[in-house]
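Chemist: The sequence and its predicted three-dimensional model are supplied below.
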Amino acid sequence: MTGKIAPPASGGGVDLEIVAETAIGDVDDLPNDDSKSPMAILLPLTRYLWRWIERREGSAISDVPVLFLFSEYPRNDSQTFGAIPHALFFADPTHEIQGRIYFSNSQLRLASSIEGGFRTIDEAVLFLKKKGLDTRTAVIAQPKLRTLLWCPNGVSDEMRSLEFEVPRPLADVSRQTVDKGLLHFHGHHAQVPDSELGLWHDAKTFVPAKDLEKLIQRYLRIVLQAFFREGIVVRELNLKAGRVDLAIWMKLQGVQAAACVLELKVLKSRHHSRVPAKASRCSNAANEAAIIKGLDQVSETRIELGSPLAFLCCYDAREKNDKSIMSCISGPASKKNVHCRRYYMYNSKEAYRRAQPGSAYKVSNRSHVRKK
Amino acid sequence: MADDYSVSRADLGRRVWLLLLLDGAERAGVAPVPQTHLHRLVFLANALSPVYELPVEDGKVLKYRRGPFYPDIQWDLDRLAVSGLAQISDIQYIEDEFGWWFTARYGLRDPGIRLVKRVVGQSEMRAAHRFLCELMVCYGDLPQLAQLEAALVDATYSDPEQHIDDVIDFAEWRQRNYSVETTQLFAKSLPPRFELNERDRLHLYVRYLGRMVGRTKVGSGSDG
């Protein structure tokens, strides 16, 4: 036996050196969700797909998609569908996955696969419908486009699917790389309403989803974790100074250290209400107070964790896209060395398009004004 | 006098708990589980359930020469198999240095799966199921040899003060549950304020057992 056999407190057989080695060596490889949660498949799949793509960089990857079906009982599925089992699938990026359907649990450790014979997503969906598998939680991966389409209620439920780009992993945590991750999340998932993410309760009337901040926190964590593959993104870390929404830990000279803390705030015109018409107004003063409080929180947690970077991210779900609200903290933020960001959430794709410079909609509107 | 075939509440509770464990094994893709592994998993599940703040199903185990073994659990497993809820396969009788022994593999049949789905509607069962599923996933992640021997290097089972044929009691002597105490040590090797939740501690502990097996020579029975 190696190491010192020492009791944890008053007895027992434990090797403290191996305890320490396990903690340091394995902490960045822990699952981000309970194994029973179908959502837990996203992160291992993102990591697997990126390794798969890396192995083929420089060679052509075809357009053919690959399907992963969440399997509650992998053994039963393997038997029912006559699928070929792949033990420790996760560890082997050499599989020829395109055109196949994989049944897997959320860790991708045990998978079994069948040939689908499809070339496109539509053909794949048709194949699943024929097999009666279209209501199973599925992920359609398109390696060439580096996208994952997550369908929690199956491929037949088009209204609830989330397209997710597999980001190129980043090796270091810097202001630029964190910004890149945040912009990716905003651009792909929050800038315009996404039916799957459900960030809006009623986008038309600017009523946000219940617990919008928590929802953003949950999804943003997955995106950042995919970006910072070598790091650990921790959610809701309790500190003396309060609770920090997200913290990125990286191994620096062999030791885990906080590299960045992120505080999330939601700015809104209306509070959540089950009945949108009854949603009460949220004043600008209340939004400003939230920003000021967020700045204090993130500054204190940054000091407590000794993190070199701190971000205050304000997700702006107000009716008016007005950046002046951030001016209330511009001075104190630079003094406290906190990077403040505001991400506007348009309530429709049309509103987003209208707001783009040179938008045809805008031009026609202007000409309409001129005519008047 | 007629035999008493009635089943006590405790027996029923234990059988349901066992079904939850087998369900976790099915979900993790480790079923059918060899009998020796299963008894060792029962031990680990008992020793580690306080990590999830769950009651210990059976906190006493005989430090048997073949590793942790629960006669009551074996009785229940056979009853579950006969009743069609559990699946039994690869039955073999072997003779080794300890004498004759019976081995088999256990999984869950469709009626068992359906029963589990109904049972987990109850909150306390759901909590136990969540823990057992997670334990099975951690266990399934270990290399094969480590799966077999993990329980033997467990901090409670390998306590040098406990000898073969001793009864290890970590239910009434809670301070003797060194497994749970060890799960609390991981955070000490990490930076201050780095929090580990119950799932993290469970995963790390099982990985610790895997590392221990890799470096430790342990003797054990095998029915791989």
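Modeler: Perfect, thanks for sending it. Numbering: from 1, shown residues only, chains lettered A, B, ... in the order given.

Chemist: Any figure for the gap between B:Tyr93 and B:Gln35?
Modeler: Applying CB to CB, to the nearest Å, the value for B:Tyr93 to B:Gln35 is 12 Å. Heads up, the C-betas are built off the backbone N, CA and C, glycines and all.

Chemist: Looking at those two, which is more packed in?
Modeler: A direct count of neighbours by other CB atoms under 10 Å in any protein chain shown for B:Tyr93 and B:Gln35 places B:Gln35 higher, at 24 against 9.

Chemist: The lengthiest helix in chain A: which residues count as buried?
Modeler: Secondary structure of chain A per DSSP state H: the longest helix is helix A:284-305. For helix A:284-305, a neighbour-count test (16 or more other CB atoms under 10 Å in any protein chain shown) marks A:284, A:287-288, A:290-291, A:294-302, A:304-305 as buried.

Chemist: shared neighbours, B:Tyr93 and B:Gln35?
Modeler: Here B:Tyr93 and B:Gln35 have B:Phe102, B:Thr103 as joint contacts, going by CB atoms under 8 Å, 6 or more residues apart in numbering or on different chains.

Chemist: residue of chain B with the smallest distance to chain A?
Modeler: When distances are taken as CB to the nearest CB, chain B reaches nearest to chain A at B:Tyr178, 2.7 Å away.

Chemist: Please name the spatially closest residue to residue 208 (chain neighbours excluded).
Modeler: Chain wasn't specified; assuming chain A. Closest residue in space to A:Pro208, ignoring its immediate chain neighbours: A:Ala317 at 4.9 Å, by CB to CB, 6 or more residues apart in numbering or on different chains.

Chemist: Chain B, not that one
Modeler: In space, B:Tyr208 is closest to A:Thr22, 4.3 Å off (CB to CB, 6+ apart).

Chemist: For the longest helix belonging to chain B, C-alpha coordinates in CSV please.
Modeler: If you go by DSSP H, chain B has its longest helix at helix B:9-28. What follows is helix B:9-28, C-alpha atoms only, in CSV (Å, rounded to 0.1, in the frame of the first residue of the first chain):
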residue,chain,number,x,y,z
ARG,B,9,-42.5,-4.6,6.6
ALA,B,10,-38.8,-4.6,7.1
ASP,B,11,-38.4,-7.4,4.6
LEU,B,12,-40.6,-5.6,2.1
GLY,B,13,-38.7,-2.4,2.6
ARG,B,14,-35.4,-4.1,2.1
ARG,B,15,-36.7,-5.8,-1.1
VAL,B,16,-37.9,-2.5,-2.5
TRP,B,17,-34.5,-0.9,-1.7
LEU,B,18,-32.9,-3.8,-3.5
LEU,B,19,-35.1,-3.3,-6.5
LEU,B,20,-34.0,0.4,-6.5
LEU,B,21,-30.4,-0.7,-6.4
LEU,B,22,-30.9,-3.1,-9.3
ASP,B,23,-32.7,-0.4,-11.2
GLY,B,24,-29.7,1.9,-10.8
ALA,B,25,-27.5,-0.9,-12.1
GLU,B,26,-29.7,-1.3,-15.2
ARG,B,27,-29.6,2.4,-15.8
ALA,B,28,-25.9,2.6,-15.4
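
Chemist: Would you confirm that B:Leu21 contacts B:Ala45?
Modeler: Yes: with contact defined as CB atoms under 8 Å, B:Leu21 reaches B:Ala45; the gap is 6.2 Å.

Chemist: Can you check which residues contact both of the two?
Modeler: Taking CB under 8 Å, 6+ apart as the contact rule, B:Leu21 and B:Ala45 both touch B:Leu132.

Chemist: The residue of chain B closest to chain A: neighbour count?
Modeler: The number of residues near B:Tyr178, taken as other CB under 10 Å, comes to 24.

Chemist: What helix or strand is A:Ala257 located in?
Modeler: Using DSSP states H and E, A:Ala257 sits in strand A:255-268.

Chemist: what about that strand, average pLDDT?
Modeler: For strand A:255-268, mean pLDDT rounds to 89.

Chemist: list the buried ones in it?
Modeler: A:256-268.

Chemist: Any chance of JSON lines for those residues, columns distance to chain B?
Modeler: Converted to JSON lines, these look like this (distance: CB to the nearest CB, whole Å):
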{"residue": "A:Gln256", "distance to chain B": "5"}
{"residue": "A:Ala257", "distance to chain B": "6"}
{"residue": "A:Ala258", "distance to chain B": "7"}
{"residue": "A:Ala259", "distance to chain B": "11"}
{"residue": "A:Cys260", "distance to chain B": "14"}
{"residue": "A:Val261", "distance to chain B": "11"}
{"residue": "A:Leu262", "distance to chain B": "16"}
{"residue": "A:Glu263", "distance to chain B": "16"}
{"residue": "A:Leu264", "distance to chain B": "18"}
{"residue": "A:Lys265", "distance to chain B": "22"}
{"residue": "A:Val266", "distance to chain B": "24"}
{"residue": "A:Leu267", "distance to chain B": "29"}
{"residue": "A:Lys268", "distance to chain B": "30"}
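
Chemist: returning to what we had before: which other helices and strands does the helix or strand just after the longest helix of chain A contact?
Modeler: Scanning forward in sequence from helix A:284-305 by DSSP H and E, the next helix or strand is strand A:309-317. Applying 3 or more CB pairs under 8 Å, 6 or more residues apart in numbering or on different chains; DSSP states H and E, one finds that strand A:309-317 contacts helix A:175-185, helix A:212-227, strand A:255-268, helix A:284-305, strand A:339-344.

Chemist: repeat that for 7 Å
Modeler: helix A:175-185, strand A:255-268, helix A:284-305, strand A:339-344 (3 or more CB pairs under 7 Å, 6 or more residues apart in numbering or on different chains; DSSP states H and E).

Chemist: Spatially, what comes nearest to whichever residue of the stretch 101-250 of chain A sits closest to chain B if we skip its sequence neighbours?
Modeler: In the stretch 101-250 of chain A, the residue that lies nearest chain B is A:Leu110 (3.2 Å; CB to the nearest CB). Among residues not flanking A:Leu110 along the chain, B:Gly29 sits closest, at 3.2 Å (CB to CB, 6+ apart).

Chemist: re earlier: got the angle between the longest helix of chain A and strand A:309-317?
Modeler: Using axes from the mean of the first three to the mean of the last three CA atoms, to 10 degrees, the inter-axis angle of helix A:284-305 relative to strand A:309-317 is 160 degrees.

Chemist: which residue ranges form the helices in chain A?
Modeler: Going by DSSP H, chain A shows helices at A:16-26, A:42-55, A:74-80, A:121-131, A:175-185, A:212-227, A:284-305, A:330-335, A:349-355, A:360-371.

Chemist: Include mean pLDDT when you put those into a markdown table, please.
Modeler: Shown next, in a markdown table, are the helices of chain A (pLDDT from 0 to 100):
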| stretch | mean pLDDT |
| --- | --- |
| helix A:16-26 | 87 |
| helix A:42-55 | 84 |
| helix A:74-80 | 90 |
| helix A:121-131 | 91 |
| helix A:175-185 | 90 |
| helix A:212-227 | 86 |
| helix A:284-305 | 93 |
| helix A:330-335 | 90 |
| helix A:349-355 | 88 |
| helix A:360-371 | 43 |
